[in-house]
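Participant: Sharing a model prediction with you, sequence too.
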Amino acid sequence: MTQPDCSICKKRDAFFYRQYSGQKLCKRCFTQSIETKVRGTITRHHMLRFDDHLAIAVSGGKDSISLLHILAKLKLQRPKTKLTAVTVDEGIAGYRDEALDVAAANCRKLNVPYHVVSFKDLYGFTLDEMIERARGKGEKELTACAYCGVLRRKAINTGARQVNATKVATAHTLDDEVQTAVMNIFHGDIARLAKEKPVTSQVSPSFVQKIKPFCEIPEKESALYAYVKKIRFQDTPCPYAGEALRNDIRAMIDLMEQKHAGTKFTVFKAIERLRPALEATAKTEGFRTCVECGEPSAGDLCKGCEMLRHVR
Ligand code: SF4
Ligand SMILES: [Zn+2]
Ligand SMILES: [Zn+2]
């Protein structure tokens, strides 16, 4: 008879080989390891005070729903921490409705209050309407994801303020962080390289500080967590699909990871080491307040308001 081969408990059979650590894990040890890693990230990066009111940005996809479940579990050990899920309804026909259902159902199950902010209410147009108008005006350079990314960030900040949250947690995974860093390197964008970090700096009073408890969790493992825990999430892809450049960078980094296990962690740690120098260089640019909406901004007008001017 063969011995159970889980590297941790040695009592159950492994179902997953974690290439970068060389461990074979059974389902229970795997899910526990993810929860322990998230707790470790939160502590190491000083992400939470005991009495924070944390808004969790929940899109309905695997990453944000897994994060919601883990933070709800963590909350049980931190009675003074308050959680509220914030979902942005961008207005993407045939896609977002299912995500809203999934997010609401998970929140009900976990007893987490749920708040929705919509592009239509905040900006006067759904994302579908914005794209149609932008195309009608001959805008070719900005993709749907460019509008969506900027305006969703702004909407999450507004939603977090509406529920009086002290911090907002997003489910950016290790993969997202590394892809974004490499994209910023490609663009030579020092300010964004410095800014995109596990705990964002408090740049203005209207900006709710953002934390990323999944920044050291590979995307594959956050998906696996949801499958093992049998958590319902939305897996239909968005009709606008991802940004072309990000997809290519993702494929390149995944290939590197396959050939050299641990590459993603290496890049993540490299950026962390470089950050003090990046911040010192980026500091000169400073932050102002958008003259139109009062949100934090690098120039007179924030990126979101600039985009909205295109479509109005
Ligand atoms: S794929 Fe693009 S348009 Fe669709 S939800 Fe993601 S960022 Fe928004
Ligand atoms: Zn085990
Ligand atoms: Zn603005």
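Facilitator: Structure's in. What do you need? Numbering: from 1, shown residues only. Ligands and ions are numbered 1, 2, ... in the order given.
Participant: show me what contacts K212?
Facilitator: A169, T170, A171, H172, E177, P198, V199 (CB atoms under 8 Å, 6 or more residues apart in numbering). C-beta: built from backbone N, CA, C; applies to glycine.
Participant: pLDDT wise, what is it at?
Facilitator: Looking at K212, its pLDDT is 98.
Participant: Please apply the same query to S204.
Facilitator: Per-residue pLDDT puts S204 at 74.
Participant: next one: I131
Facilitator: Note for I131: predicted pLDDT of 92.
Participant: from what I can see it touches Y147, true?
Facilitator: Yes - at 6.9 Å, I131 and Y147 qualify as touching, with contact defined as CB atoms under 8 Å.
Participant: Could you check which of those two has the larger neighbour count?
Facilitator: Per other CB atoms under 10 Å, whichever of I131 and Y147 has more neighbours is Y147, with 25 against 20.
Participant: The helix or strand hosting the more buried one close to ligand 1?
Facilitator: Element membership of Y147, judged by DSSP states H and E, is helix 144-162. Yes - Helix 144-162 comes into contact with ligand 1 (CB under 6 Å from any ligand atom), by way of A144, C145, C148, G149.
Participant: ok, the helix or strand just after that helix: who's next to it in the sheet?
Facilitator: Counting by DSSP H and E, the element after helix 144-162 in chain order, helix or strand, is strand 167-169. Strand pairing for strand 167-169, using DSSP bridges, gives strand 53-57 (parallel), strand 209-211 (parallel).
Participant: Strand 167-169: how far from the chain's middle?
Facilitator: With CA atoms, centre = their mean, to the nearest Å as the basis, strand 167-169 stands 10 Å off its chain's centre.
Participant: Name the residues that touch whichever helix or strand comes after that strand?
Facilitator: Using DSSP H and E, the next helix or strand after strand 167-169 towards the C-terminus is helix 174-187. Residues outside helix 174-187 that contact it (CB under 8 Å, 6+ apart) are 172, 190, 192-193, 196, 212, 214-220, 245-246, 249-250, 252-253, 264-265, 267-268, 271.
Participant: in helix 174-187, what counts as buried?
Facilitator: Within helix 174-187, the residues that qualify as buried by neighbour count (16 or more other CB atoms under 10 Å) are L174, D175, D176, E177, V178, Q179, T180, A181, V182, M183, N184.
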